[in-house]
Each structure stands twice: as structure tokens, then as C-alpha cells.
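>>> Have a look; sequence and predicted model below, questions after that.
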Amino acid sequence: MDEPQDKQDVRSLLDQLKDTTKTAKQIQKQPFTLERKDLEQFVLNNTGRLIQDSMQTIDSIKEYIISAPEPEDVHSLAELYKASTGAIETLNKILIQQQRADAQVTIKTMDIQSKQALAEKRDDKSTFTREEIMEQLFSSGDLIDAEIKDTD
């Protein structure tokens, strides 16, 4: 005996829902892992995506609220603005921190290079004692015979 078409449709729909539920449970069972080295890129990507999504949502909600403003909707829009602003501030803080770190590395590198240059300059200079200088002057110079006459 064949089942009526309605029963088959309902049975097919139930089977589809069961499969969807199984798939959803399997997805939930997979643990989320994030390596330390990937953390920065993860934060940047997801914060950027969150900001883009919230800005698009703000635009669509704003159009809806302009046409028929309701206090709850206006409050929701304000909360969305607040959340978006917080995400942008977080991203900005990350950027500033990264720029500071880069600047500190550059400054430290320049400091090390200048210290090395000073050390090399010091090494290039010859240091002599007074006696060594006088000996070099006397040994390298030509003797000049001179007579001193009094003209009184």
C-alpha cells in the first residue's frame, strides 16, 4: 500500500530535519582551537568582519527606524552603534600598540648602531703617553742649527 502524498512529504521533511540536527550536533562537537601565533590575525580578521557586518546592519536598521521609529528599535540601534564603536576602538588600540612596538625596535636598532659607531671611532684613535709623543716629535723632526745673536 502506498502512503498518501501528504504523509510522504511529512516523513521526508522529518528525515531532513533529523539530518540537519545530526549535522549541527557534529559541528558543535568539534572543539575550537586557536594557536598563539594565529591570535593576532584571528583578532584582526574577526574584528574587521564584525565592524563591516555591524555597519551594514546599522545602515539597514537606520532606514527601517526612519520610516517607523519605535523606542525599542532606536535603543537597539544605539546599542549597535556602541558595540561597533567599541570594536573599532579595540582595533585601533591593536594598531597603535603594533606601531609603538615597531618604533621601539627601530629606535633600539639605531641606538645599537650609534654605540657601535662610537666604539669603532674610539678604537681608531691612537692613544699615546706624553713621553711617547715627545719621543716621536724628537725622532721625526729635522734638527735645525740656529745661532742666537744679541743685537744690543
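Here it is on my side, so go on.
>>> May I ask which helix or strand encompasses residue 122?
Under the criterion of DSSP states H and E, residue 122 resides in helix 71-124.
>>> Correction: the previous question concerned residue 61.
Taking DSSP H and E as the definition, residue 61 sits inside helix 39-67.
>>> From the centre of the protein outward, give me the first residue you hit.
Centroid-nearest residue in the chain, with C-alpha atoms, centre = their mean: residue 98, separated by 3.9 Å.
>>> Quick check: it vs residue 37, distance?
Using C-beta to C-beta, to the nearest Å, residue 98 is found at 15 Å from residue 37. C-beta coordinates here come from the backbone N, C-alpha and C atoms, glycine included.
>>> How about residue 113?
Using C-beta to C-beta, we find residue 113 at a distance of 29 Å from residue 37.
>>> and these two? which has more neighbours close in?
Neighbour count, other C-beta atoms under 10 Å: between residue 113 and residue 37, residue 113 has more, with 10 against 7.
>>> Share the number of residues neighbouring the closest residue to residue 50 other than its chain neighbours, please.
Nearest non-adjacent residue to residue 50, counting by C-beta to C-beta, 6 or more residues apart in numbering: residue 87, 5.3 Å away. Neighbour count for residue 87, taken as other C-beta under 10 Å: 18.
>>> so residue 87 sits right up against residue 51, yeah?
Yes - assessed by C-beta atoms under 8 Å, residue 87 is found in contact with residue 51 at 5.2 Å.
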